[in-house]
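what would the 3D arrangement of this be:
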Amino acid sequence: MSASTAGRPPRSWLYVPATRPDRVAKALGGAAEAVVVDLEDAVPAAAKESARAAALELAEGAERPFHVRVNDLAGPWGRADLRALARSPVAGVRLPKVESAEQVREAAEALADAAAPVALHVLLESALGVERAHEIATAHPWVAGVSLGEADLRASLRVTADAGLDWARSRVVTAARAAGLPGPVQSVYTDVADEEGLRASSERGRAMGFFGRSVIHPRQVPAVHAAYTPNERERAEAAELLAGLEAAGARGSGAFLTADGRFVDPAVVQAARAVVAFDPATVSEHEGNTP
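Below you'll find the model as predicted:
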């Protein structure tokens, strides 16, 4: 995580193929708050070894932290990716297609030679993975996040409409929060040209409990940041709620009615505290300068 997002998770996670070091360098200088160098889907089988070597070289020379998505542990490259990254200064590792807690522990074991704990961001991409979401989220102390990979999940569930993923989305949000992890990172929106659709989808994701989104093109970053940044109205309302709760506490009460008749107790204001704690001053210094 970069200094610009200290104290909160990134709002944007930009995937870049390890086979394109020029794009990685551009992404590291852009507006995305986290960069994910991809060794999996974006890399053909013939280029897996060279892509891994490129990722290691990029990590050694990078002035800003980045993450790496490794290959599936069930395949021929995943464990080799992890063993190599154990000797590399990466900010975190994304584990695709996880279906069991044992796979998470195997990944952590492969990274055991790392100089410090490695943040593991686990991707659930099958019906079985979603069913075991909480077990996976609590599998190892290095697990830093659990999210969905919706392209593969659609095929696994055989759903044909976006609404068919809503239960899985709620499931992973619940599992992550029950495990004490941040809200899950929302899966990619594949229509790069549809910025309004991206923003609407991201706003809905935030309303469902997600925080931040994976993106596949720099032009998607501003819409995602806008959706995942509390606006002035939200901040004002949250501050008003907290002030009302403080006043109620001074009267010896833990609850109160707002001016428009809403009942508020300490549980209601948890979200308000998160909104107020989101400091706009911590947004990326590159905000608005997307390459």
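
just checking, what packs against the strand or helix carrying Ile136?
In this assignment (DSSP states H and E), Ile136 forms part of helix 133-137. In terms of contacts (3 or more Cβ pairs under 8 Å, 6 or more residues apart in numbering; DSSP states H and E), helix 133-137 is packed against helix 101-110, strand 119-124, strand 143-148, helix 166-178. Placement of C-beta: from N, CA and C, glycine included.

buried sites along the strand or helix carrying Ala274?
Assigned by DSSP H and E, Ala274 belongs to helix 270-277. Neighbour counts using 16 or more other Cβ atoms under 10 Å place Ala272, Val275, Val276 of helix 270-277 among the buried residues.

do the same with stretch 114-128
Neighbour counts over stretch 114-128 (16+ other Cβ under 10 Å) mark Ala114, Val118, Ala119, Leu120, His121, Val122, Leu123, Leu124, Glu125, Ser126 as buried.

my read: the third one touches Ala91, true?
Yep, that's Ala119 we're talking about. Yes - using Cβ atoms under 8 Å, Ala119 is in contact with Ala91, at 6.7 Å.

burial count for the residue lying closest to Arg213 once chain neighbours are set aside?
Counting by Cβ to Cβ, 6 or more residues apart in numbering, Arg213 lies nearest to Gln186, which is 4.1 Å off, once chain neighbours are set aside. When neighbours are defined as other Cβ atoms under 10 Å, Gln186 has 27 of them.

who's in contact with Gln186?
Residues near Gln186 by Cβ atoms under 8 Å, 6 or more residues apart in numbering: Ser147, Ser201, Ser202, Gly205, Phe210, Gly212, Arg213, Ser214.

export those to a markdown table and tack on pLDDT, distance to Val104 and secondary structure?
As requested, the contacts of Gln186 are exported to a markdown table (pLDDT from 0 to 100; distance: Cβ to Cβ, whole Å; DSSP: H, G, I helix; E, B strand; the rest coil):
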| residue | pLDDT | distance to Val104 | secondary structure |
| --- | --- | --- | --- |
| Ser147 | 98 | 14 | strand |
| Ser201 | 97 | 28 | helix |
| Ser202 | 98 | 27 | helix |
| Gly205 | 98 | 24 | helix |
| Phe210 | 97 | 21 | coil |
| Gly212 | 97 | 21 | coil |
| Arg213 | 98 | 23 | strand |
| Ser214 | 98 | 19 | strand |
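
which of these are buried?
Neighbour-count burial (16+ other Cβ under 10 Å) applied to the contacts of Gln186 gives Ser147, Ser201, Ser202, Gly205, Phe210, Gly212, Arg213, Ser214.

farthest pair in those?
In terms of Cβ to Cβ, those reach their longest pairwise distance at Ser147 and Ser201, which sit 14.9 Å apart.

name the helix or strand of this structure that has the lowest mean pLDDT.
Between all helices and strands in the chain, the lowest mean by mean pLDDT, DSSP states H and E belongs to strand 256-257, at a mean of 62.

helices or strands next to the helix holding Ala274 in the packing?
Packed against helix 270-277, as judged by 3+ Cβ pairs under 8 Å, 6+ apart, are the following elements: helix 232-250.

can you give me the mean pLDDT across the helix it packs on?
Per-residue pLDDT values across helix 232-250 average out to 72.

same check on stretch 134-142?
Averaging pLDDT along stretch 134-142 gives 98.

list the buried ones in that stretch?
By neighbour count on 16+ other Cβ under 10 Å, the buried set for stretch 134-142 is His134, Ile136, Ala137, Thr138, Ala139, His140, Trp142.

anything in contact with each of Ala119 and Ala91?
Listed as contacting both Ala119 and Ala91 by Cβ under 8 Å, 6+ apart are His67.

show me the helices in the stretch 1-150 of the chain, by range?
Using DSSP state H, counting those that start in this stretch, the helices of the stretch 1-150 of the chain run over 21-28, 48-61, 78-85, 101-110, 127-131, 133-137, 150-157.
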